[in-house]
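>>> Pasted the sequence and its predicted model underneath.
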Amino acid sequence: MNALQALADPTRRRIVELLAERERSAGELAAQFQTSRPGVSRHLRVLREHGLVQAREDGQRRMYSLDPAPLAELDDWLERYRSFWANRLDALDTEIRRRRRADPAPD
Amino acid sequence: MTRGLCEVRLTRRYAATPAEVWAALTDPDSIGRWLARAIEVDLAPRGALELAMPGDARITASVREVEPERVLELDWIYAGEDSSVVRFELAPDGDGTLLVLDHRRIDEPLGMSYISRWTAALARFANELQRS
């Protein structure tokens, strides 16, 4: 499962949305769901394992927040392929013209 | 399917017929000139494609859907990265041809449709960081 597939689960997406607003404790998050507290903890663990969420200790509580790194990776991927294909599609235009010159269409 | 942001989509218009664009798109010699050196090109249904990029990287692809002069969709693996999907669609446009290229990261509508929400969430997150 990659980071994006981890977000296919509706509870995990809701957690991400809640954390996008601000840092929250597990208890605060659990209060938003029907799911049991251990259930929410399990989702938080999955999100942490995929680098989407980070945690810090604050006295007795553990506070969770979003980690934007996976999205930066996604941006890199998009940018890389955007320029790759833009160049290739220009080259395809050149190739179409080349083939036309080599074998003109009858008209 | 909701179109997510995890997708590169480019549209080009070529001054040629769909048949001509298709020929340039799929002919192994042509592929070598516009895309990458072709090692293997079999564009039959479930056929395979292997391309050599400069610097030894390989692209391996397999045909998911092919309809000559209209659609070519490939499972795409670039140098061992996660599989993605590349789709070319041709449509006549007056005396030319429109080509839509769609390259998407994951083949899961569920995952895809939420990327934009995720992006919006992170934009809010970035604003939040600036404020604090």
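Noted; the coordinates are in hand.

>>> At the contact with chain B, which residues of chain A appear?
When proximity is defined as CB under 8 Å from any CB of the partner chain, chain A approaches chain B at A:2, A:4-5, A:7-8, A:13, A:16-17, A:19-22, A:66, A:68, A:71, A:74, A:77-78, A:81-82, A:85-86, A:88-89, A:91-96, A:98-100, A:105. Using the backbone N, CA and C atoms, a C-beta is placed for each residue, glycine as well.

>>> so how far is the host helix or strand of A:Arg56 from its chain's centroid?
Using DSSP states H and E, A:Arg56 sits within strand A:53-58. Remark: strand A:53-58 is offset 20 Å from the chain centroid, using CA atoms, centre = their mean, to the nearest Å.

>>> Where does pLDDT dip in chain A?
Filtered on pLDDT under 70, chain A yields the residue ranges A:1-5, A:71-75, A:105-107.

>>> any idea which helix is longest in it?
helix A:69-102 (DSSP state H).

>>> orientation of that one relative to strand A:53-58 in degrees?
160 degrees (axes from the mean of the first three to the mean of the last three CA atoms, to 10 degrees).

>>> Could you list the buried residues of helix A:69-102?
A:70-71, A:74, A:77-78, A:81, A:85, A:89, A:92-93, A:95-96, A:99 (16 or more other CB atoms under 10 Å in any protein chain shown).

>>> Check which helices and strands it sits against.
With contacts defined as 3 or more CB pairs under 8 Å, 6 or more residues apart in numbering or on different chains; DSSP states H and E, the packing partners of helix A:69-102 are helix A:3-6, strand B:7-14, helix B:18-26, helix B:28-34, strand B:96-104, helix B:115-131.

>>> and it with strand B:96-104, angle?
Going by the same axes, to 10 degrees, helix A:69-102 makes 150 degrees with strand B:96-104.

>>> All good on my end, thank you.
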